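1. sequence and predicted structure are below.
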Amino acid sequence: MTSSFTKYVAAALLAVPAFAFAQAPEVAKYPTQSIRFIVPYSAGGGTDVVMRLVSKHMSEAWNVPVVVENRVGAGGVIGSQYVTTQKPDGRTFLGVASAFGVRVAIDRTVPFDAAKDFSGVGQMARSPSFMVVSTTHGFKSLKDLIAYAKAQPQGVFYSTAGVGSTAHLHAAAIAHLAGFKAEHAPQRGTPEAVTEAMTARVLYAFAPGPNAIPLAKAGKLQIVVATSQAGARLMPGVPSIAQAGLNYEGDDWFGVLAPAGTPLAIRDRVSKEMARILALPELRERLAALGAEAVSTGPAEFETMVRDYIAQARKLGDAIGMKAE
């Protein structure tokens with residue numbers, strides 16, 4: 001048995017391309033050239049802001065250019081697909097958010113396989129999302145909103161930052177779990193979606209802290225619930241959806257993927273550097289001001305998390321009839 005096993009290993013080693021062994025010195029010296037983080041969403045959005053904070057410190061520490069490049073379109077699909085076409089040499093990465101998982105989950109036509117075409121690098125942050133409504137309704141709780149929605153014979157509308165966004169998943173899930181009819185009114189972005197709810201042109205919207213909390217504190221809109229108990233740390237007194245009586249929880253998240261085949265040693269080095277940066281007090285304070293919490297994970301853990309998130313979002317999306325309209 002030992003002899004057979006030895007022959008098997010020897011044959012396997014002979015089958016490995018020579019360049020695989022030549023990569024080791026390059027990994028040890030990494031990085032020696034510029035690095036790009038492709039963000040498939042608009043500049044100024046949550047993923048873009050977090051990625052730019054991290055990349056700035058990374059460039060300073062490694063003394064190489066670290067660039068954030070926005071490749072926007074098709075709900076994040078264009079930028080994501082672009083990364084799958086790049087060499088897995090540690091020079092190109094993909095900055096993603098939970099919206100990436102939602103889009104992949106509900107759209108079977110995306111031109112890539114999230115499980116096969118990407119490798120994990122690490123998570124960067126997570127952020128609760130808030131359900132916002134017009135103050136004119138005078139709701140005291142989520143129960144009040146549900147009762148109001150059920151009393152509308154034609155149903156109600158909710159607005160989001162777009163089809164396949166995390167806000168879309170949150171908003172559709174609420175209607176499904178509570179048992180009322182609601183139609184999607186997608187907008188160009190989160191500010192527009194919030195405005196629709198704030199002015200009562202739709203019943204509700206979901207938005208991250210920076211888009212919801214200042215307006216709530218100014219008395220311009222009402223926050224009904226948050227997607228997790230973490231919301232109360234940013235807006236004291238706001239219950240989570242689960243605490244309000246519906247079995248749902250789901251914070252938004254931000255992280256980094258790499259083209260499949262990117263060496264684990266490189267991905268691990270980038271992940272550890274991101275963790276170091278995210279532990280800096282000024283970074284944690286800046287993220288907190290944005291309504292987010294720094295979270296660091298390794299490549300394997302993040303890869304598993306993304307895969308599980310997509311599976312769960314697909315199951316929920318199928319149950320509530322979410323489609324890539």
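-> Right, received. Where do you want to start?
2. how about the biggest helix by length in the chain, which residues are buried there?
-> If each helix of the chain is counted by residues according to DSSP state H, the longest one is helix 299-320. Judged by neighbour count using 16 or more other C-beta atoms under 10 Å, the buried positions of helix 299-320 are P299, F302, E303, M305, V306, Y309, I310, A313, R314, L316, G317, I320. C-beta: built from backbone N, CA, C; applies to glycine.
3. I'd like the average pLDDT over that helix.
-> Computed over helix 299-320, the mean pLDDT rounds to 94.
4. ok, T92 - contacts?
-> Contact analysis of T92 by C-beta atoms under 8 Å, 6 or more residues apart in numbering lists I35, R36, I38, V83, Q86, A258, P259.
5. quick one, helices of the stretch 101-250 of the chain?
-> According to DSSP state H, counting those that start in this stretch, the stretch 101-250 of the chain carries its helices in the segments 114-117, 142-150, 166-178, 190-198, 209-217, 231-234.
6. go through those helices and name the closest to L287.
-> Among the helices of the stretch 101-250 of the chain, helix 209-217 comes nearest to L287, with 10.4 Å by C-beta to C-beta.
7. just want the angle from that closest one to helix 166-178.
-> For helix 209-217 and helix 166-178, the angle between their directions (axes from the mean of the first three to the mean of the last three C-alpha atoms, to 10 degrees) works out to 60 degrees.
8. just how off-centre is helix 209-217 within its chain?
-> 20 Å (C-alpha atoms, centre = their mean, to the nearest Å).
9. pLDDT on it, on average?
-> Per-residue pLDDT values over helix 209-217 give a mean of 90.
10. with stretch 282-295 instead?
-> Stretch 282-295 comes out at a mean pLDDT of 90.
11. quick one: contacts of it?
-> Outside of stretch 282-295, the residues within contact range by C-beta under 8 Å, 6+ apart are 46, 49-50, 53-54, 57, 123-128, 208-210, 213, 230, 234, 253-254, 277-279.
12. what does stretch 116-123 give?
-> 83-84, 88, 93-94, 112, 253-262, 264, 267, 270-271, 274-275, 295-306.
13. the same query, at a cut-off of 6 Å, please.
-> 84, 255-258, 260, 262, 267, 270-271, 274, 295, 297, 299, 302-303 (C-beta atoms under 6 Å, 6 or more residues apart in numbering).
14. which single one of these is nearest to T160?
-> Ranked by distance to T160 (C-beta to C-beta), those are led by G255 at 21.3 Å.
15. what strands line up against the longest strand along the chain, and which way round?
-> Secondary structure of the chain per DSSP state E: the longest strand is strand 118-127. Based on DSSP bridges, the pairing partners of strand 118-127 within the sheet are strand 252-259 (antiparallel), strand 293-294 (antiparallel).
16. weakest of these in terms of mean pLDDT?
-> Among the strands paired with strand 118-127, strand 293-294 carries the lowest mean pLDDT, a mean of 92.
17. that one: how far from the chain's middle?
-> 13 Å.
18. beta-bridge partners for the most centrally placed residue in the chain, please?
-> Taking C-alpha atoms, centre = their mean, the centroid of the chain lies closest to A97, which sits 1.8 Å from it. When assigned by DSSP bridges, A97 has beta-bridge partners F254.
19. let's have the strands paired with strand 118-127 in CSV, adding distance to A171 and mean neighbour count.
-> Converted to CSV, the strands paired with strand 118-127 look like this (distance: least, C-beta to C-beta, whole Å; neighbours: other C-beta atoms under 10 Å):
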stretch, distance to A171, mean neighbour count
strand 252-259, 13, 26
strand 293-294, 23, 20
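20. and the residue nearest to the centre of the chain, what's its pLDDT?
-> 93.
21. do the same with A244
-> Here, the pLDDT recorded for A244 equals 97.
22. correct me if wrong: it contacts D144.
-> No - when contacts are counted by C-beta atoms under 6 Å, A244 is not listed as touching D144 (10.3 Å).
23. and those two? which has more neighbours close in?
-> Relative neighbour count places A244 above the other of A244 and D144, with 20 against 14, counting by other C-beta atoms under 10 Å.
24. in contact with that one, which residues?
-> Taking C-beta under 6 Å, 6+ apart, we find A244 in contact with L142, V225.
25. from V202, how far out is it?
-> In this structure, A244 and V202 are separated by 20 Å, where distance is defined by C-beta to C-beta, to the nearest Å.
26. got it, and D89?
-> Note on D89: its distance to V202, by C-beta to C-beta, is 46 Å.
27. higher neighbour count, these two?
-> Under the neighbour definition other C-beta under 10 Å, D89 and V202 were set side by side, and V202 has more, 24 against 16.
28. what's near enough to touch that one?
-> When the contact criterion is C-beta under 6 Å, 6+ apart, the partners of V202 are F157, Y158, S159, A185, E196.
29. try it again at 8 Å.
-> For V202, the contacting residues are V156, F157, Y158, S159, A185, E196, taking C-beta under 8 Å, 6+ apart as the criterion.
30. need those in a markdown table (columns: distance to L169, neighbour count and pLDDT).
-> Formatted as a markdown table, the contacts of V202 follow (distance: C-beta to C-beta, whole Å; neighbours: other C-beta atoms under 10 Å; pLDDT from 0 to 100):
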| residue | distance to L169 | neighbour count | pLDDT |
| --- | --- | --- | --- |
| V156 | 17 | 18 | 98 |
| F157 | 17 | 18 | 98 |
| Y158 | 12 | 27 | 98 |
| S159 | 14 | 28 | 96 |
| A185 | 15 | 17 | 95 |
| E196 | 18 | 22 | 97 |
